[in-house]
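Undergrad: Turn this into a structure:
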Amino acid sequence: MTHSLLYAPGRVPEAAPRADESILTALSLDRALTIILPDVGERRYVSALLAAPLSDAGDITYRQAVMRNFLDHPAMLPAWQTLFGRLLELRRAYEEDRRQRISATARAREAALFGEAKSRLQMAALTLKRLLLLIGEMHERLSGYPVSAEGLRTVTARLADLARAEATAELIERCGMLTDLSSFASYRFALAIDADGRITGRTYLDRADKPTQAAEPPRRRFFAPRKTEETAPRKVTIDAAFPALRRQLIGQGLTEAALTLERICSALFAELCPLARELIFYAAGVRFAACFAERGLPTALPVIADDGTISGTGLYDPFLAATMLGGGAIIPNDFTMPGDTPGVLVTGANNSGKTVFLRSVGSAILLGQAGFPVCAASTVITPVRTVTSVFAAAEKADGVGSEAGRFEEEVRLLSDAVDRAAPGELILLNEPFQTTAYGEGAEGLAAILRYLQARGTRWVLVTHLDALPPLVGGALRMVSREDHRVVAI
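TA: Predicted structure coming up:
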């Protein structure tokens, strides 16, 4: 991809980023997106990007700049989407017609080859003319908006180069001539013919007469060896009495001209059309922010730090807010995780909002690192390599089975997460060992947290195990009160 609105120059991945969408399910972001983005195709595209958050600060700020540009100028995004949508429609029509023309040409008999080749060239010329005129319109309309993001500036500059190029004006004029070949009285070709009269090469020439340079007369050479036989090339004249040959030559020449125009169309479509798909991400971000603004709730693009700090003011859970008719029932909370803190431990009574708080923190990190608006008044994020969640089996929507089965499932999930733990990662732990005795659960969980700390993996844990805090050193402690306020201790 030559240009991208999602990735900075030189940072476009060769393959689609690997996305584990289970994190969206754990944080209930998938359910929030279902409410906000009803289109299934758009939701899947956005979900894949959110589940593969960026870890480089420069990549995140590149996306943030584009998102902020669209958020600050509401009329700008619809104009971009409309114009690039027309580009996609033109490509779909072109590709469908091209497949049909190629198939018809391949099936055509010799007598019909000329007609099919002419139709193919006319369609290629018409598509290219429309494409170039559309690029000119895109340049004219999009240049009227205030563009500040690097990604948007690159695209608008490219559109300007294409629209203003001398070759563009010449191509539009020539394509206009080729859309009506019935007015052409003749077709000119340069043919290469071997000694046996077989055609070894052909080239379609422009219809306009071009001056030809007279051949230089051969120089007389003294003492040259005497020729033993005549070596002058044989002259072969194609008589008009052979219409089949003439139609074949013209058809093949027109097909070659059509191929040239189709290559230009394909190159321009390949360069510009991927941007239409990338605009889906930003349209979703704008709709995401608007959804919560209607409920009186703020969203923000986070400040990117490099000292390990992760914090937010006025954090709230996107799923809970999306399902509420009004924002009055939402209780926002603040969160601070300094760079030298290995983890944050949140305790509190059942039904005090611990899980909702954890979802709000995890969603803020995941959305913020994807360049998406965050459900908070303000946030500061130091990018982490990956975000992993281990939620209690009791939190599953359709969780069934015995207490022993749940415990085994929790142990398996924790074991997998601990095995994958690495420096720079963040693990979200929600009520692990919920079915075990307090003392045993606290001892086992404390050992796991100490292991994660030794590996350089940070964590945020909500738990009912009141015996755990004295066993964990260096962690920031918070408590969830009955009014669903989460405060530092």
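Undergrad: residue nearest the centroid of the chain?
TA: residue 278 (4.3 Å; C-alpha atoms, centre = their mean).
Undergrad: so what's that one up against?
TA: 4-6 (C-beta atoms under 8 Å, 6 or more residues apart in numbering). All C-beta atoms are positioned from the backbone trio N, CA, C, and that covers glycine.
Undergrad: which stretches of this structure form helices?
TA: Along the chain, counting by DSSP state H, helices occupy 22-26, 29-36, 40-50, 57-72, 76-107, 113-142, 150-164, 166-178, 243-293, 318-323, 354-369, 403-420, 438-455.
Undergrad: Check the gap between the closest residue to residue 261 other than its chain neighbours and residue 10 for me.
TA: Closest residue to residue 261 apart from its sequence neighbours, by C-beta to C-beta, 6 or more residues apart in numbering: residue 124 at 3.9 Å. According to C-beta to C-beta, to the nearest Å, residue 124 and residue 10 sit 33 Å apart.
Undergrad: hang on, the earlier thing: ok, now which ones touch the residue nearest to residue 261?
TA: 98, 258, 261-262, 265.
Undergrad: Of those, just say which sits nearest to residue 163.
TA: residue 265 (16.2 Å; C-beta to C-beta).
Undergrad: Need the pLDDT of the residue nearest to the centre of the chain.
TA: We have a pLDDT of 97 for residue 278.
Undergrad: again with residue 430
TA: At residue 430, the pLDDT value in this model is 90.
Undergrad: how about the closest residue in space to it that isn't next to it in sequence, what does it touch?
TA: Nearest residue to residue 430 in three dimensions, chain neighbours excluded: residue 391, at 4.3 Å (C-beta to C-beta, 6+ apart). Applying C-beta under 8 Å, 6+ apart, we find residue 391 in contact with 26, 355, 428, 430-431.
Undergrad: Residue 444 - how many residues pack around it?
TA: 16 (other C-beta atoms under 10 Å).
Undergrad: likewise residue 473?
TA: 11.
Undergrad: ok, now the one 3 residues further on?
TA: When neighbours are counted by other C-beta under 10 Å, residue 476 registers 17.
Undergrad: right, and residue 7 touches residue 62 too?
TA: Yes - at 7.2 Å, residue 7 counts as touching residue 62 under the criterion of C-beta atoms under 8 Å.
Undergrad: These two: who's more crowded?
TA: Neighbour comparison, residue 7 and residue 62: the larger count goes to residue 62, with 22 against 18 (by other C-beta under 10 Å).
Undergrad: returning to what we had before: which of the contacts of residue 391 count as buried?
TA: Buried residues within these, defined by neighbour count using 16 or more other C-beta atoms under 10 Å: 26, 355, 428, 430-431.
Undergrad: before we move on, back to that, now the helices of the chain in JSON lines, with distance to residue 475?
TA: Converted to JSON lines, these look like this (distance: least, C-beta to C-beta, whole Å):
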{"stretch": "helix 22-26", "distance to residue 475": "21"}
{"stretch": "helix 29-36", "distance to residue 475": "26"}
{"stretch": "helix 40-50", "distance to residue 475": "28"}
{"stretch": "helix 57-72", "distance to residue 475": "26"}
{"stretch": "helix 76-107", "distance to residue 475": "43"}
{"stretch": "helix 113-142", "distance to residue 475": "50"}
{"stretch": "helix 150-164", "distance to residue 475": "39"}
{"stretch": "helix 166-178", "distance to residue 475": "63"}
{"stretch": "helix 243-293", "distance to residue 475": "31"}
{"stretch": "helix 318-323", "distance to residue 475": "26"}
{"stretch": "helix 354-369", "distance to residue 475": "14"}
{"stretch": "helix 403-420", "distance to residue 475": "17"}
{"stretch": "helix 438-455", "distance to residue 475": "7"}
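Undergrad: Determine which stretch of those is the most buried.
TA: Of all the helices of the chain, helix 354-369 has the most neighbours on average by mean count of other C-beta atoms under 10 Å, namely a mean of 26.
Undergrad: Quick check: the gap between the residue nearest to the centre of the chain and residue 3.
TA: Taken as C-beta to C-beta, the span from residue 278 to residue 3 is 9 Å.
Undergrad: repeat for residue 449
TA: Going from residue 449 to residue 3 by C-beta to C-beta gives 45 Å.
Undergrad: likewise residue 478?
TA: From residue 478 to residue 3 the distance is 45 Å (C-beta to C-beta).
Undergrad: so what's the nearest residue to residue 282 once chain neighbours are set aside up against?
TA: In space, and not counting its chain neighbours, residue 282 is closest to residue 70: 5.2 Å by C-beta to C-beta, 6+ apart. Applying C-beta under 8 Å, 6+ apart to residue 70 gives the contacts 76-77, 282, 285-286.
Undergrad: Same list (those) but as JSON lines, adding distance to residue 316 and pLDDT.
TA: Output for those, formatted as JSON lines (distance: C-beta to C-beta, whole Å; pLDDT from 0 to 100):
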{"residue": "76", "distance to residue 316": "28", "pLDDT": "97"}
{"residue": "77", "distance to residue 316": "25", "pLDDT": "97"}
{"residue": "282", "distance to residue 316": "23", "pLDDT": "98"}
{"residue": "285", "distance to residue 316": "17", "pLDDT": "98"}
{"residue": "286", "distance to residue 316": "19", "pLDDT": "98"}
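Undergrad: Need the max-distance pair from the residues you listed.
TA: Longest distance between any two of those is 13.2 Å, between 76 and 285; criterion C-beta to C-beta.
Undergrad: hmm, back to that, go through the helices of the chain and find the least confident stretch.
TA: Among those, helix 403-420 scores lowest, at a mean of 73.
Undergrad: how far off helix 438-455 does that one point, in degrees?
TA: 10 degrees (axes from the mean of the first three to the mean of the last three C-alpha atoms, to 10 degrees).
Undergrad: all numbers from here: first residue = 51
TA: Fine by me, first position is 51 from now on; the one you just mentioned is helix 453-470.
Undergrad: What is helix 453-470 packed up against?
TA: Packing contacts for helix 453-470, counted by 3 or more C-beta pairs under 8 Å, 6 or more residues apart in numbering; DSSP states H and E, involve strand 437-441, helix 488-505.
Undergrad: May I have it as CSV, with CA atoms only?
TA: Presented in CSV, the C-alpha positions along helix 453-470 are these (Å, rounded to 0.1, in the frame of the first residue of the first chain):
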residue,chain,number,x,y,z
GLU,A,453,-17.4,-25.4,41.4
ALA,A,454,-14.6,-27.9,40.8
GLY,A,455,-15.0,-27.4,37.0
ARG,A,456,-14.8,-23.7,37.4
PHE,A,457,-11.7,-23.9,39.5
GLU,A,458,-9.9,-26.1,37.0
GLU,A,459,-10.9,-23.7,34.2
GLU,A,460,-9.5,-20.8,36.2
VAL,A,461,-6.2,-22.7,36.9
ARG,A,462,-5.9,-23.5,33.2
LEU,A,463,-6.5,-19.8,32.1
LEU,A,464,-4.0,-18.5,34.7
SER,A,465,-1.4,-21.1,33.8
ASP,A,466,-1.7,-20.1,30.1
ALA,A,467,-1.4,-16.4,30.9
VAL,A,468,1.6,-16.9,33.2
ASP,A,469,3.4,-19.0,30.7
ARG,A,470,3.0,-16.2,28.1
